[in-house]
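In: Here is my input; please provide its structure:
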Amino acid sequence: MATILIIEDEAKMRRLLELNLGDDGFKTLSAGDAETGVKLLGSEPVDLVLTDLKLPGMSGLELLQAAKQSNPALPVVVMTAFGSVETAVEAMKAGASDYVLKPFSLAEIRMVVHKELDVSRLREENRSLREALGQKYSHPNIIARSAKMQEVLATVERVASTNATVLLGGESGVGKDLIARAIHEKSRRAAGPFIKINSTAIPENLLESELFGYEKGAFTGAATSKPGKFELADKGTLFLDEIGDVPPATQVKLLRVLQEREFERLGGTRTVKVDVRLLAATNRDLRAALEEGTFREDLYYRLNVVPIDIPPLREHKEDIPDLVNLFLRRFASDPGREVATISDEALDLLRAHSWMGNVRELQNVIERACALAKTSKLEVGDIHLDSPRRSASSSADRFLPEGMTLDQYEDELIREALKRAAGNKSQAARLLGLSRNALRYRLSKIGIEDENGGE
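Out: Purely as a prediction, here's the structure:
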């Protein structure tokens, strides 16, 4: 039996509503003013509130705001005079479920009450069903139907409310930036800034000044002082992508910020204190970097408080249909594109692919297909996939290319990586699975200069 709280200052109208809703099988509570109604809300379980907007003392709008603050899911139906439609619209913006205009028939009131209770019941059933099906965890722009991605979002839910440092791991293109943003948006810092910086996109000699800022005259060209990303992220979250490529000197300052929450700008002496949550990401094996001596062990353990490993797309291919639909909706809004669906055969082709570039590769494939498609449905002929990379086992019978030594083969691989990365040495290092220092060493062996710190 649902309980209806009726708040109406006219005694005859209040009694009429009590009798009428009581005849429909509802339990009713009533109050002649908003203050009494708020007290009843705090002491009795209520399934729906039916309130007049014009009340003595506290207004119905204020009551609505108080009710929504205590229970956002509680349906509230407001009653208002015909000439106050603007007030009713204001109430809807504040969270009212529906409104009825006076004078109204009792049949209309019963219909609205039944409808809102049905909607409320349906929402609760959907929530329970999602939990039963393992779909409890969700976030906009993150597809997580699969069990592996549900585990990732479950960890996000648990860690978001803390201030713990999170280390996101996973191959390039799995969506580490989206997971980082989800942690920020579900945290107590959501109202603060979310600042992202990719350490491989900035030359080594500029990374420190980007992170910590600099004072006027700190170096040639520093005409004014400039705050760094840590200062800009104060009271919010700083997401440091590709943490494995941060140079050793900068790693020392990062460790100090994590331990003491303070630093000095480049060229400065004043200590700057910040309240920043750090999220870091890498597509490298940092344990291997520890063994190579290119990453500090103390910094690693400071970062690796809560590790979240995001699986590659080939390990959760059941998410591909939903990802495709997400990208179709996104690209359909572009002018000149009218693709809305995809055929089952085209989906089967996508499921069979290896997806070495993960979700980013899938997004690019769908965008290209939408740009070239001739109809509103993507077919197999519209899907253009890159050839899968040759696995070690498939070329094992050849060992090395004929007539090549190991050193020559390595030199060719390095040159090919530079070609694919359009000369960007940081990107080439990632393609080869090397640190930038390791790539520099190999470049020097084959006579290629690295004048600009890895770019």
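
In: which strands and helices sit next to the strand or helix carrying A249?
Out: Taking DSSP states H and E as the definition, A249 sits inside helix 248-260. Helix 248-260 is packed against helix 204-212, strand 262-264, helix 297-303, with contacts defined by 3 or more C-beta pairs under 8 Å, 6 or more residues apart in numbering; DSSP states H and E. (Each C-beta comes from the backbone N, C-alpha and C, glycine too.)

In: I would like the residues contacting the longest one, please.
Out: Right, helix 204-212. 197, 199, 202, 218-219, 226, 228-230, 246-247, 249-250, 253-254, 263-266, 436, 453-454 (C-beta atoms under 8 Å, 6 or more residues apart in numbering).

In: What's the first helix or strand after it?
Out: Helix 204-212 is succeeded, C-terminally, by helix 229-232 (DSSP H and E).

In: Following that following helix in sequence, what is the next regular element?
Out: With DSSP H and E setting the assignment, the helix or strand that follows helix 229-232 is strand 237-241.

In: what are the pairing partners of that next one, and which direction each?
Out: strand 194-198 (parallel), strand 277-282 (parallel) (DSSP bridges).

In: how about the helix holding A249: buried residues?
Out: Neighbour counts over helix 248-260 (16 or more other C-beta atoms under 10 Å) mark 250-251, 253-255, 257-258 as buried.

In: just for the stretch 151-300 of the chain, where's the confidence low?
Out: Within the stretch 151-300 of the chain, no range satisfies pLDDT under 70.

In: again, 80 this time
Out: Applying pLDDT under 80 to the stretch 151-300 of the chain flags the ranges 204-205.

In: re earlier: deepest-packed of the helices and strands packed on helix 248-260, please.
Out: The highest mean neighbour count among the helices and strands packed on helix 248-260, using mean count of other C-beta atoms under 10 Å, belongs to helix 204-212: a mean of 19.

In: Output the strands paired with strand 237-241 in TSV, with distance to G447 appended to each entry.
Out: Output for the strands paired with strand 237-241, formatted as TSV (distance: least, C-beta to C-beta, whole Å):
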stretch	distance to G447
strand 194-198	29
strand 277-282	30
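
In: closest to L372 out of the ones you listed?
Out: Taking C-beta to C-beta, strand 194-198 is the member of the strands paired with strand 237-241 nearest to L372, at 30.2 Å.

In: where does that closest one sit relative to the chain's centre, distance-wise?
Out: Chain-centre distance of strand 194-198: 13 Å, with C-alpha atoms, centre = their mean, to the nearest Å.

In: relative orientation of that strand and helix 204-212 in degrees?
Out: 170 degrees (axes from the mean of the first three to the mean of the last three C-alpha atoms, to 10 degrees).

In: So for the one helix or strand L347 maps to, mean pLDDT?
Out: Taking DSSP H and E as the criterion, L347 maps to helix 344-352. For helix 344-352, mean pLDDT is 91.

In: so what does that helix touch, helix or strand wise?
Out: Secondary-structure packing of helix 344-352 (3+ C-beta pairs under 8 Å, 6+ apart): helix 320-332.

In: Next, work out how far apart the closest residue in space to V76 that isn't next to it in sequence and S70 are.
Out: Among residues not flanking V76 along the chain, V49 sits closest, at 4.5 Å (C-beta to C-beta, 6 or more residues apart in numbering). V49 sits 11 Å away from S70, going by C-beta to C-beta, to the nearest Å.

In: anything in contact with each of the two?
Out: L41.

In: got the contact list for the helix holding A249?
Out: So helix 248-260 is contacted by 165, 204, 207-208, 211-212, 230, 240, 246, 262-263, 274, 276, 278, 294-296, 298-299, 302-303 (C-beta under 8 Å, 6+ apart).

In: could you redo the last one with a cut-off of 7 Å?
Out: In this structure, residues lying in contact with helix 248-260 by C-beta atoms under 7 Å, 6 or more residues apart in numbering are 165, 207-208, 211-212, 230, 246, 263, 278, 296, 298-299, 302.

In: per-residue pLDDT, L5?
Out: Value listed for L5 in the pLDDT field: 94.

In: Of V49 and S70, which one has the most company?
Out: V49 (27 against 10; other C-beta atoms under 10 Å).

In: For the helix or strand where the more buried one lies, enumerate the helices and strands it packs against.
Out: Taking DSSP H and E as the criterion, V49 maps to strand 48-52. Strand 48-52 is packed against strand 3-7, helix 60-70, strand 76-81, helix 106-132, with contacts defined by 3 or more C-beta pairs under 7 Å, 6 or more residues apart in numbering; DSSP states H and E.

In: JSON lines please, covering the ones you listed and showing distance to E361.
Out: What follows is the helices and strands packed on strand 48-52, written out as JSON lines (distance: least, C-beta to C-beta, whole Å):
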{"stretch": "strand 3-7", "distance to E361": "54"}
{"stretch": "helix 60-70", "distance to E361": "44"}
{"stretch": "strand 76-81", "distance to E361": "48"}
{"stretch": "helix 106-132", "distance to E361": "29"}
